[in-house]
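S.K.: Structure, please.
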Amino acid sequence: MLSIHLHNLQFKAHHGIYEEEKVLGNTFILDITLLHHSPKLPVLHMADTIDYVAVYDLVKKRMAVPTPLLETVVSEMALEILQQFSLAEEVRITIKKLFPPISRMQGSVGVGFELKRSQL
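M.R.: Below is the predicted model:
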């Protein structure tokens, strides 16, 4: 099985339940892994794999839609990826909010989600 990785994707977005987050936004970091079986080995053509540029474009578009819960963002994103990329068998996504609105907290918060095509 092949895996496609997109690491440390950084976005400024307006996800969150608090008004401050909706107005000011926050910085988010995403890691995405797609697993797939290539129809041909060795992989010599783009048609035999998943185009990570197209995956990035999908993620960038989804991150631009303000959403209260990170759980919603990653689960919808995983569904969209499996719908758009027929070779993908499994998608794993983690998202971190770098500056959560939690008093005196140092660090980040995040959510992870995994979805297999067989679960659709």
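S.K.: the bottom helix or strand of this protein by mean pLDDT?
M.R.: Least confident helix or strand, the chain: helix 19-24 with a mean of 90, by mean pLDDT, DSSP states H and E.
S.K.: Can you dump the C-alpha atoms of that one in PDB for me?
M.R.: What follows is helix 19-24, C-alpha atoms only, in PDB (Å, rounded to 0.1, in the frame of the first residue of the first chain):
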ATOM      1  CA  GLU A  19     -16.900  35.000  19.000                       C
ATOM      2  CA  GLU A  20     -13.200  36.000  19.400                       C
ATOM      3  CA  GLU A  21     -12.200  33.000  17.200                       C
ATOM      4  CA  LYS A  22     -14.800  33.900  14.600                       C
ATOM      5  CA  VAL A  23     -13.600  37.400  14.300                       C
ATOM      6  CA  LEU A  24      -9.800  37.200  14.800                       C
END
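S.K.: That helix: which residues count as buried?
M.R.: Within helix 19-24, the residues that count as buried by 16 or more other CB atoms under 10 Å are Glu21. In short, each C-beta sits where N, CA and C put it, glycine included.
S.K.: Contacts for it, please.
M.R.: Here helix 19-24 makes contact (CB atoms under 8 Å, 6 or more residues apart in numbering) with 14-16, 66, 101.
S.K.: Of those residues, just say which sits nearest to Asp48.
M.R.: Among those, His15 lies closest to Asp48 (CB to CB), at 34.6 Å.
S.K.: Can you say which helix or strand has that closest one in it?
M.R.: Remark: His15 resides in no helix or strand, with elements defined by DSSP states H and E.
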